Each structure stands twice: as structure tokens, then as C-alpha cells.
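S.K.: need coordinates for the following:
(one chain, ligands or ions: 4)
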Amino acid sequence: AHGGSASAHGGSANVHGGSANAHLAAIADIGRSTAGGYARHVFTGAETTLREWFVAEAERLGLDIELDRNSNIWAWWGPPGDGAVITGSHLDSVPGGGAFDGPLGVASALDAVQRLQAEGFKPAKPFALMVFAEEEGSRFGVACLGSRLMTGAIGADKALALRDVDGLTFADAARAAGFAPERMGQDEQALRRIGTFVELHVEQGRGLIDLDRPVGVGSSILAHGRWRLSFSGTGNHAGTTAIDERRDPMIAAAASVLAARSVAAAGDGVRATVGRLVPRPGGTNVIASHVDAWLDVRAGADLVTRAAVDEIVEQAQAAADREGCELQVREESYGGEVFFDPALAGRISGVLGRSMDCTVPMLSTGAGHDAGILAAKVPTAMIYVRNPSGISHAPEEFAEPADVAAGVGALVDVLKDLLR
Ligand code: HGY
Ligand code: MN
Ligand code: MN
Ligand code: MN
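M.R.: Ligands and ions are numbered 1, 2, ... in the order given. Sure, this is the predicted structure:
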């Protein structure tokens, strides 16, 4: 095993074993935030407790745990080997997120192993479950950090220098969690070991509801980028500074929020969001000196995404100029449009179509996943499970127990086909 430890940090899951629904119930209270939803951020208490829960559940199934150099967790059924079939997802969450985004794929993978073992199934190829680190990028700002490090989609230097809101670097946080930052980076051994990666995930949208199907297969992921817009002005007193004397970065930042909406509304399937706006110093009676706005833009093709970002930034710059403020724009992460391996997607659709005796829809999504990062390097597929709310990254995210069970059944059928 590579360095690192999923060492205990407070809390623990209350029940062990059982179905995916039982697993989800077991971890339901871990990292539930007082503001609603979950706060399970990499290397913090709740996420560390979930890592520990996963390791305990995997070891209970007789799987062998390996922590890779980028702090991702592997749980091998049998000896590690190249060209393995891998299934898994993530356990971290967005702030205020739901209970299924990530955990459903991990819980379903554990349940699928349990069911395959109960049937006396023997994998004919190396096989492991995986849990990727910092998929949401909620603490260090770059989504899919563990899989991006593994594939080289982000350089180790850039990743290790990322800072959380307290100014702690990813390197320091990883070291405190028992990992060796100096070993982080592209992991050729890991990429050789992943022959096929399948990620089961709750659907983040209404596709399966409208099609009245419990599961679907991923076809593509929209291009997706994150930019940090930093506006600088002159901090001053709210009561003694005349309006025409102000250089107020909040005004310019507000214009960027509205620009994101207007450019997206005019675009071709463009989705632009400013979900995080941080003024400094942030006093009610203080004109801010700085405001950071984080822009998330997604669209089908790279050109469309890039053109939308350029237009939004242009409008933000014009607003900053009008307000006499400076604007600094930093691209924090970008991933082009992803098309999952058509042969693998077709094979999985065929398996599921036969076993479920129904047509299995192919779904494109605007949600990023580790599978989307790995797709650049290895054959990758996704299986989606119906979410009756259609809502995600919020407490209303949901999957009916019967659909969770249907998802596990689908994963079992797919793994049997891939591991024979
Ligand atoms: O942001 C995303 O789409 C993913 O949930 N990380
Ligand atoms: Mn997510
Ligand atoms: Mn996810
Ligand atoms: Mn005062």
C-alpha cells in the first residue's frame, strides 16, 4: 500500500453491512450540516469518518485496502493487477449537498460485491472498488482532484499549492492525513491497473423521471470550467463615503453575476453560475475592498463554453472599469466535453436491456464526475439511478429505495459481464 492512512477521526458509522440502502442509512448522519445538507470535505472530520467507514465495510467483505499516492482508496477483491475492472465514486460533498451524490455509487459497489460473493461468483479479472478524493473540489477549489492528479490532468505542483478558506494548502492537509505530498502526481501504475472504470451515480436532473426508467447509461458530459474573478476597489465607511467617491467591487461583482445569467440565457445550452461570492472584509457597514466571485460555466462544445466565459468576463471587466475597480481572472480548472467509450456504453446498455427487459436510455449530463476525468485515459462508463426530485447539490436530492436496489442489480449484471 502507498503511504497514508484512513485513520480514525471522531465519529463512526452506526451500523455495518447490508444493502446499499442500509449503507446509505448507516452514513446518513455523518457530516450533516446545521445549515441543511452535508459538509463532507476532503480530509475533514466527516469525510475522514466516511473513509474509515468504507475501509471497514470493504475489509468486512474480505477486500484488501490500498491507499494510492493521490489519497484515493482502492479495495481489491483478490490480488491487484493491471487491466482491472474498477467501480466506485466519491464520499465528499458540496456544501449543503445531498445524501446520494457520491455515496450512492460507493454504497452500491459494496452491495454489488456482497451479492456477487453470496452467489459464489469468482471474478476472472482483477477487480477493485475505488473512492476518489475531493471530487467536488469543495475544500480546495478544483473538482475531481484525486482523479485529476492520477491522470495528470492537474500537475502536482498546482494541486499541492491549492489553499482552503483558512489558507491551508492541499499539501499540508494531505500530510496531516498521513499522505506524502512529494509522491503525488500522475500515477502510471494506477492507470495501468484500470482496465475499465464504471461509476454508478444518482442522476442529477430529470432525464430518467421523464423517461420513466429506473436506470440509464452515460453518453457524455458537458465541457466544464471554473474561473475565479477577483475584484479590487477601495474599502471605506458605508455612512461617510459619497456614492460618486466610491470604488465598490461589490457593484462590479454583482454585474458579473447578472452577466453570467444574461450570457447563458442568450447562449446555446450554456449554463453559467456564480454560486459563491466572498466580499472582504464583509462588514454590513463597510464598503468592501475586495470581492471574489467564482464562475462555473458548462456547455456542450468547448468553443461554446469558452465563448460564453469570454463574454461574461468582458462584461465583468466593463463593470469593473465603470466602478474604477481592478479585475483579476484566474482559470481554476477546465475540462472539455467528454464522450464515454461508445463500445463500453453500448455493451452495458445491451446487458441492462436484456436483464431489465426494457430499453435503457443513454443520458448526457452537465454534472462532472471522476469518470469524466478518467475517460481521457481509460475506457469509462456511467450508470445513472433515477432521482425523483431531479435536484442535486441540495438536500432534496433523492433516490427511492427500489431504484437504489435496481441500480445495484444493474451494477451486478454489468460487473458479471465485465468480469467473466
Ligand atoms: O460539479 C460537478 O458537476 C460535480 O458534481 N463535481
Ligand atoms: Mn456533485
Ligand atoms: Mn458526484
Ligand atoms: Mn465605526
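
S.K.: CA atoms only: put stretch 134-144 into CSV for me.
M.R.: In CSV, the C-alpha atoms belonging to stretch 134-144 read as follows (Å, rounded to 0.1, in the frame of the first residue of the first chain):
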residue,chain,number,x,y,z
GLU,A,134,-12.0,15.7,-3.4
GLU,A,135,-14.4,15.0,-6.3
GLU,A,136,-16.4,18.1,-5.5
GLY,A,137,-13.5,20.4,-5.1
SER,A,138,-15.4,22.0,-2.2
ARG,A,139,-12.3,22.5,0.0
PHE,A,140,-9.5,23.2,-2.4
GLY,A,141,-11.5,24.6,-5.3
VAL,A,142,-10.6,22.1,-8.1
ALA,A,143,-13.2,19.3,-8.8
CYS,A,144,-12.0,15.7,-9.2
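
S.K.: check the offset of that stretch from the chain's centre.
M.R.: 7 Å (CA atoms, centre = their mean, to the nearest Å).

S.K.: against which helices or strands is the helix or strand hosting R330 packed?
M.R.: If you go by DSSP states H and E, R330 is part of strand 326-335. In terms of contacts (3 or more CB pairs under 8 Å, 6 or more residues apart in numbering; DSSP states H and E), strand 326-335 is packed against strand 223-232, helix 302-323. All C-beta atoms are positioned from the backbone trio N, CA, C, and that covers glycine.

S.K.: hmm, the longest one in reach of ligand 1?
M.R.: No - remark: helix 302-323 sits outside contact range of ligand 1, by CB under 6 Å from any ligand atom, the gap being at least 13.4 Å.

S.K.: just to revisit the earlier point, and the strand holding R330, C-alpha only, in PDB?
M.R.: The C-alpha trace of strand 326-335 is given here as PDB (Å, rounded to 0.1, in the frame of the first residue of the first chain):
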ATOM      1  CA  GLU A 326      -9.400  46.200 -10.900                       C
ATOM      2  CA  LEU A 327     -10.400  42.700 -12.000                       C
ATOM      3  CA  GLN A 328      -8.100  39.700 -12.000                       C
ATOM      4  CA  VAL A 329      -9.400  36.500 -13.600                       C
ATOM      5  CA  ARG A 330      -7.900  33.100 -12.900                       C
ATOM      6  CA  GLU A 331      -8.900  29.800 -14.600                       C
ATOM      7  CA  GLU A 332      -9.100  27.300 -11.700                       C
ATOM      8  CA  SER A 333     -10.000  24.200 -13.700                       C
ATOM      9  CA  TYR A 334     -11.300  23.300 -17.200                       C
ATOM     10  CA  GLY A 335     -12.300  20.000 -18.700                       C
END
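
S.K.: got the contact list for it?
M.R.: With CB atoms under 8 Å, 6 or more residues apart in numbering as the test, strand 326-335 has contacts from 137, 141-144, 148, 153-154, 221, 223-233, 252, 294, 313, 316-317, 320, 368, 372-373.

S.K.: also stretch 238-249?
M.R.: Contacts for stretch 238-249 (CB under 8 Å, 6+ apart): 231-234, 236, 279, 284-291, 320, 323-325.

S.K.: any idea how far that stretch is from the chain center?
M.R.: 40 Å.

S.K.: now for the helix or strand just after the strand holding R330, which elements pack on it?
M.R.: Per DSSP H and E, strand 326-335 leads on to strand 338-339 as the next helix or strand towards the C-terminus. Using 3+ CB pairs under 8 Å, 6+ apart, the elements in contact with strand 338-339 are strand 215-221.

S.K.: again, 10 Å this time
M.R.: Secondary-structure packing of strand 338-339 (3 or more CB pairs under 10 Å, 6 or more residues apart in numbering; DSSP states H and E): strand 215-221, strand 362-365, helix 370-374.

S.K.: which SS class is W294?
M.R.: strand (DSSP: H, G, I helix; E, B strand; the rest coil).

S.K.: ok, it - contacts?
M.R.: G141, R226, W227, R228, L229, T273, V274, G275, R276, L277, V278, E332 (CB atoms under 10 Å, 6 or more residues apart in numbering).

S.K.: with neighbour count, pLDDT and distance to G120 added, can I get the residues you listed in TSV?
M.R.: Formatted as TSV, the contacts of W294 follow (neighbours: other CB atoms under 10 Å; pLDDT from 0 to 100; distance: CB to CB, whole Å):
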residue	neighbour count	pLDDT	distance to G120
G141	20	96	46
R226	22	96	46
W227	21	98	52
R228	16	97	53
L229	26	98	57
T273	15	98	48
V274	22	98	53
G275	12	96	48
R276	14	97	50
L277	16	97	55
V278	15	97	55
E332	18	94	48
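
S.K.: nearest to G78, of those?
M.R.: Comparing the contacts of W294 against G78 with CB to CB picks out G141 as the nearest, at 37.1 Å.

S.K.: that closest one contacts E134, doesn't it?
M.R.: Yes - between G141 and E134 a contact is recorded at 9.4 Å, counting by CB atoms under 10 Å.

S.K.: does ligand 3 have contacts with stretch 361-371?
M.R.: No - Stretch 361-371 stays out of contact with ligand 3 when judged by CB under 5 Å from the ion, the minimum separation being 5.6 Å.

S.K.: quick check: residues of this structure near ligand 1?
M.R.: By CB under 6 Å from any ligand atom, the residues of the chain that approach ligand 1 are E135, E136, A143, A367, G368.
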